[in-house]
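**Q** next one to model:
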Amino acid sequence: MAELRRTPLYDLHLAQGAKMVPYAGWEMPVQYPLGVMAEHLHTRAHAGLFDVSHMGQIILRGADAAAVLETLVPADIQGLAPGRQRYGLFTGPEGGILDDLMIANKGDHLLLVVNASRAEHDLAHLQGLQGVTIEPVTDRALLALQGPEAAEVLARLVPEAARMTFMDARDADWQGVTLWLTRSGYTGEDGYEISVPAKDAVRLAEALLAFPEVAMIGLGARDSLRLEAGLPLYGNDMDDATSPARAGLGWSIPKLRRPGGARAGGYPGAEAIGAELAEGARVLRTGLRPQGRAPIREGVELFAGDEGGEAIGKVRSGGFGPSVGGPIAMAELPRGLAPGDVIWAELRGKRLPVEVVALPFFKPNYKR
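**A** This next block holds a predicted model:
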């Protein structure tokens with residue numbers, strides 16, 4: 001078994017009393033003494049600091065880097081202005097999702113942030129590109145500061161952070177250190193991702209933690225926050241057998257990359273993906289609220305009736321939503337179900353009623 005990797009903040013996590021667990025080949029904090037519920041609510045009310053250094057950071061250089069990347073990603077990357085970032089998908093030849101990623105235009109290069117579990121795959125996937133230089137970033141940590149007080153807190157250290165809006169990307173100086181900032185996040189809250197040289201990561205984290213609004217937050221609360229925001233997680237809600245339309249991510253593929261568009265196709269799986277976007281997927285990522293208090297988690301089978309019949313789907317993400325005060329879940333279910341419809345989850349041999357609801361469960365608070 002391969003040895004687990006550690007982020008530059010590993011010792012700080014231990015000093016903060018974190019419970020460490022294996023995650024995507026890394027030893028990561030799942031929670032701190034505050035506890036998952038309190039960490040979640042603290043992020044919704046104040047500002048949570050997350051170590052996301054396990055995620056892959058990759059630089060693409062080349063005069064035509066945007067056009068070249070569009071051969072793998074069905075997004076409008078050529079139209080991405082300097083100082084802005086965009087969500088995108090790596091797609092496979094059958095139309096499935098190989099990974100989801102963030103793409104920032106840094107002027108003379110593109111910066112990609114990919115999932116930890118797919119970082120090695122994505123690097124290998126990019127190696128086939130012609131006309132670009134691919135540079136894995138190995139000497140920087142990545143922090144996420146999320147919550148309604150994140151902007152005020154970060155601006156105390158980096159004043160220009162307050163002038164950024166949602167999906168902005170810029171470099172900023174902090175005590176002689178160059179930070180790569182983006183204003184986005186995967187919690188449904190306003191906030192930032194901060195790429196910092198590894199040698200300065202602990203010092204920056206401690207500077208942020210010195211403010212009373214900020215607390216360290218682990219993977220447990222990160223998962224419940226993104227679930228409440230209706231945000232899919234790679235490996236749970238999407239994978240290489242899940243198409244963009246089925247995952248509810250068709251919005252990330254603009255008209256100009258769809259059939260009839262100015263730069264239609266040209267990426268893996270384009271024909272299948274384009275046809276499904278035009279016709280509509282037969283199954284869709286759907287929000288669910290169990291009517292009782294028992295959470296329904298990944299793998300729980302779902303049925304149209306309270307007895308008999310074949311399963312119509314499985315839960316792909318599920319748990320308790322602290323901000324909504326009850327259990328929530330997402331599943332791929334047949335098209336045609338509408339908010340208010342009731343289906344049934346089979347839990348330990350008993351079927352429990354589950355209501356179909358619109359996503360997200362919690363309205364995002366992004367800085368537009």
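**Q** for the stretch 51-200 of the chain, just list every one of the helices.
**A** The residue ranges that make up the helices of the stretch 51-200 of the chain, judged by DSSP state H, counting those that start in this stretch, are 65-69, 119-127, 150-157.
**Q** indicate which one of those helices is closest to Leu337.
**A** Across these, the minimum distance to Leu337, taken as C-beta to C-beta, is reached by helix 119-127, at 33.1 Å. All C-beta spots, glycine's among them, are computed from the backbone N, C-alpha and C.
**Q** and that closest one, what does it pack onto?
**A** Secondary-structure packing of helix 119-127 (3 or more C-beta pairs under 8 Å, 6 or more residues apart in numbering; DSSP states H and E): strand 56-61, strand 97-105, strand 133-136.
**Q** show me the residue at the heart of the chain, geometrically.
**A** Using C-alpha atoms, centre = their mean, the residue of the chain that lies closest to the mean C-alpha position is Tyr186, 4.9 Å off.
**Q** counting neighbours, what do you get for the nearest residue to it once chain neighbours are set aside?
**A** Spatial nearest neighbour of Tyr186, excluding adjacent residues (C-beta to C-beta, 6 or more residues apart in numbering): Arg226 at 4.9 Å. Around Arg226 there are 20 other residues, counting by other C-beta atoms under 10 Å.
**Q** state the distance from Arg226 to Pro364.
**A** When distance is defined by C-beta to C-beta, to the nearest Å, Arg226 is 11 Å away from Pro364.
**Q** please apply the same query to Glu189.
**A** In this structure, Glu189 and Pro364 are 7 Å apart, going by C-beta to C-beta.
**Q** thinking again about what came up before, verify the stated contact: the residue nearest to the centre of the chain with Tyr234.
**A** No: in this structure Tyr186 lies outside contact range of Tyr234 using C-beta atoms under 8 Å: 11.0 Å.
**Q** before we move on, the earlier item: the more surrounded of Glu189 and Pro364?
**A** When Glu189 and Pro364 are compared on other C-beta under 10 Å, the one with more neighbours turns out to be Glu189, at 25 against 15.
**Q** so what pLDDT did the more buried one get?
**A** Looking at Glu189, its pLDDT is 97.
**Q** for Asn365, same thing?
**A** Listed pLDDT for Asn365 reads 86.
**Q** next one: Arg368
**A** According to the predicted model, the pLDDT of Arg368 comes to 71.
**Q** same question, Val357
**A** Reading off the per-residue confidence, Val357 sits at a pLDDT of 98.
**Q** can you tell me the closest non-neighbouring residue to it?
**A** Ranked by C-beta to C-beta, 6+ apart and with sequence neighbours excluded, the top spatial neighbour of Val357 is Gly287, at 4.5 Å.
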